[in-house]
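>>> Build me a model from this:
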Amino acid sequence: MKKIIASVFLFLFILGAGSLCYAEAMDIEGVVDSFQKATDLQKNQILEENSGRAISCGGIVNNVGEYDFFDTVNDIRGSYYRLTTEQQKTKNNTPYQLVFLFQDKESAKDIDKGQSVQKDGKIIRIIDERLQVSVWIFCGELTDKDKGLFKQN
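Numbering: from 1, shown residues only. Presented below is the predicted three-dimensional model:
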């Protein structure tokens, strides 16, 4: 009898651990859907939980260009290369756009409009733009200066 109870307990423990692993492996659509449905307080929590999280995602290129950040409080400036994708929809019909940022021009110079891209990076911003959710992803190593510029208020 003890072996049966121990086996059932072990099975339930493994099942619970498996569901925790699934939650950790949430994809970009899961992040977008949960963010879109969240209250302002919950959005701050979702951003906090996902900020700096590594993710792989992609879409069709809408544009690539230079992009400057300026933090007036700390007087910090940074120049980057920004790739935006065309608007996409999740399985739950939530519209979203991906914005990839690169430190060096070499990473972005050969990308053409209309091309399909798949990039790895870290989530630095999630913005509810009312008509869509924008997820900003930094492709490269984040320095302390970068982290200060990308801090979302």
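>>> Could you grab the helix/strand/coil label for the residue positioned nearest the centre of the chain?
Within the chain, one residue has its C-alpha closest to the average C-alpha position: by CA atoms, centre = their mean, that is Ile123, at 3.6 Å. Assigned with DSSP: H, G, I helix; E, B strand; the rest coil, Ile123 falls in the strand class.
>>> Okay, strands next: where are they in the chain?
Taking DSSP state E as the criterion, the chain carries its strands at 54-71, 76-85, 88-89, 95-102, 116-128, 133-139.
>>> Relative to Asp40, which of these is closest?
Distances from Asp40 to each of the strands of the chain were compared using CB to CB; the minimum, 8.9 Å, belongs to strand 116-128. Every C-beta, even on glycine, is put in place using the N, C-alpha and C of the backbone.
>>> Would you check how far apart Ile55 and Gly30 are?
Between Ile55 and Gly30 the distance is 11 Å, computed by CB to CB, to the nearest Å.
>>> Specify which residue of these two has the higher count of neighbours.
Each of Ile55 and Gly30 had its neighbours counted (other CB atoms under 10 Å), and the higher figure belongs to Ile55 (17 against 14).
>>> From what I see, that one and Ile124 are in contact.
No. With contacts defined as CB atoms under 8 Å, Ile55 does not count as touching Ile124, sitting 10.8 Å away.
>>> Show me whatever sits in contact with both of the two.
When CB atoms under 8 Å, 6 or more residues apart in numbering defines a contact, the residues bordering Ile55 and Ile124 alike are Ile137.
>>> show me where pLDDT drops low in the chain?
1-26, 73, 152-153 (pLDDT under 70).
>>> switch to 90 and redo it
Counting by pLDDT under 90, the chain contains low-confidence ranges at 1-27, 68-79, 104-109, 130, 141-153.
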